[in-house]
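>>> Sequence first, predicted coordinates after that:
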Amino acid sequence: MTPYQHLKRAAADVGWPERFKSDLTRHDRARLRGSDAPKAFGWVLRSTGTELIDPRIDEETLAGFLADYALNGACHLYFWFDGCMLHSLSFEHWSVILQQENAPSGEQRHCAY
């Protein structure tokens, strides 16, 4: 299975996103099919969309994501794709992995992921 197929299966199992489905079907799909797709990544599944987080994101932006999810993400589901499998994790475990795997690329565009 491709990384995108893993995301689609997890979303179908939960029945999310209910709104902003294009986060998954357009944005996540395009990101994972691009020439600069991350091999491993964090993923957030919400009833209102998804968020794919590239571990090459800059530290400040990652800290902002984690702070926002810590305050507002109790109902979200958190996943880590390790290059082979998609793992469902608690927010706490997910945030630790993202911080450990954070390796900013220096590329400005990664701050958007």
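Good, I have the coordinates. Numbering: from 1, shown residues only.
>>> can you give me the strands in this protein?
Remark: strands assigned in the chain by DSSP state E are 41-46, 49-53, 77-81, 86-89.
>>> what sits against L77?
Neighbour list for L77: A10, V14, W16, V44, L45, R46, S88 [criterion: Cβ atoms under 8 Å, 6 or more residues apart in numbering]. In short, each C-beta sits where N, CA and C put it, glycine included.
>>> at 10 Å what do you get?
10-11, 13-14, 16, 43-47, 50, 88-89, 91, 94 (Cβ atoms under 10 Å, 6 or more residues apart in numbering).
>>> Pick the most buried one from the strands of the chain.
Neighbour counts (mean count of other Cβ atoms under 10 Å) averaged over each of the strands of the chain peak at strand 41-46, with a mean of 23.
>>> just the angle between that one and strand 77-81, please?
Counting by axes from the mean of the first three to the mean of the last three Cα atoms, to 10 degrees, strand 41-46 lies at 160 degrees to strand 77-81.
>>> Which other helices and strands does strand 41-46 contact?
Judged by 3 or more Cβ pairs under 10 Å, 6 or more residues apart in numbering; DSSP states H and E, strand 41-46 is in contact with helix 3-14, helix 29-33, strand 49-53, helix 59-72, strand 77-81, strand 86-89, helix 91-101.
>>> could I get the ones you listed as TSV with mean pLDDT and distance to K39?
Formatted as TSV, these follow (pLDDT from 0 to 100; distance: least, Cβ to Cβ, whole Å):
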stretch	mean pLDDT	distance to K39
helix 3-14	98	9
helix 29-33	96	10
strand 49-53	96	13
helix 59-72	94	17
strand 77-81	98	9
strand 86-89	98	13
helix 91-101	96	10
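>>> Right, I'll leave it there.
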